[in-house]
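Participant: A structural model of the following input is requested.
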Amino acid sequence: MESSGVAYFERLGPSTFRATEHTGGAWREDEQHIAPALGLLAHVVERDRDARRPDRPVLARLSYDILGTVPVDVVDTEVRVLRPGRTIELVEASVAHGGRTVAVLRAWLLVERDSASVAGSPVPGIPGPDELEPWTPSALWPGGFIGSVELRRHLEEPGRGWFWVRTPVPLLAGEEVSPTARVAGLLDIANGMTVRADPREVHFPNVDLTAHLLRVPEGEWLGVDASITFGDNGIGVTSSQLHDAAGPLGSLAQCLTVRPR
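Facilitator: Modelled structure (predicted):
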């Protein structure tokens, strides 16, 4: 299908979207990198929330299960409330291609309240994007999505480092997207920016992703302090602390299937 390529997705209908070439994957370029689709799911959850709730509770946890690959093509989304509540609710959203579900999001939404008197965090900060050297991830990874992002990185050792990432490409063409959905569309990149092994020698795709967010993100940069661990049994974990312009933002975890080639 023809695509203008002005964003990661273009809306075709109330729940249908077309992926553009900017979603091209890192493991296979004819498949979508799942990161933008995860951002799309956060967006449709927030659109559903806004239609139902003027108080607009924030997405505090985003827990994704990645059920399979998806081509760079048209996808359909669905949203349902699993646990309604006055201050806390659980919402599920899914994205499918050709009737096959490829990713599911379960999101806890919490109504904000004043807790300034007890606020604080022991999580150490990381150097800001202006303090790190630019790095071109497309030198390691192919695909339209990786080619669309800007990165600043410090690699401490294989599997350990921190980076800041941003993208000039909108998540959705011609439609306002919240800072939370925009950041959600970048989260999955954490698994590939401080790699423990060369992806040409070891495959290590993640089968899930869970992010806990303290608040709505601020600024255009997402900071990630990432540690990647491979077990000796084909299982790995990427554990990250998230940062933004205001400081610590939350945490991120990804379960990996590790497959030496």
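Participant: quick one, what contacts residue 47?
Facilitator: Going by Cβ atoms under 8 Å, 6 or more residues apart in numbering, residue 47 touches no other residue. Where C-beta positions appear, they are placed from N, C-alpha and C, glycine not excepted.
Participant: how many other residues sit next to residue 214?
Facilitator: 18 (other Cβ atoms under 10 Å).
Participant: Skipping adjacent residues, who's closest to it in space?
Facilitator: Among residues not flanking residue 214 along the chain, residue 250 sits closest, at 5.2 Å (Cβ to Cβ, 6 or more residues apart in numbering).
Participant: contacting residues around that neighbour?
Facilitator: 211-214, 241-242.
Participant: which stretches of the stretch 101-250 of the chain form helices?
Facilitator: Secondary structure of the stretch 101-250 of the chain (DSSP state H, counting those that start in this stretch): helices at 144-148, 179-184.
Participant: which secondary structure elements does the longest one contact?
Facilitator: Read it as helix 179-184. helix 34-52, strand 58-66, strand 208-213 (3 or more Cβ pairs under 8 Å, 6 or more residues apart in numbering; DSSP states H and E).
Participant: Following element in sequence after the second one, please.
Facilitator: Read it as strand 58-66. strand 74-83 (DSSP states H and E).
Participant: Output that next one in PDB with nothing but the alpha carbons.
Facilitator: In PDB, the C-alpha atoms belonging to strand 74-83 read as follows (Å, rounded to 0.1, in the frame of the first residue of the first chain):
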ATOM      1  CA  VAL A  74      -2.900  -1.900   8.200                       C
ATOM      2  CA  VAL A  75      -3.700  -2.800  11.800                       C
ATOM      3  CA  ASP A  76      -6.900  -2.700  13.900                       C
ATOM      4  CA  THR A  77      -7.200  -1.800  17.600                       C
ATOM      5  CA  GLU A  78      -9.700  -2.500  20.400                       C
ATOM      6  CA  VAL A  79     -10.100  -1.100  23.900                       C
ATOM      7  CA  ARG A  80     -12.100  -2.300  26.900                       C
ATOM      8  CA  VAL A  81     -12.300  -1.400  30.500                       C
ATOM      9  CA  LEU A  82     -11.600  -4.500  32.700                       C
ATOM     10  CA  ARG A  83     -12.000  -2.900  36.100                       C
END
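Participant: That strand pairs with which strands?
Facilitator: strand 16-19 (antiparallel), strand 88-97 (antiparallel) (DSSP bridges).
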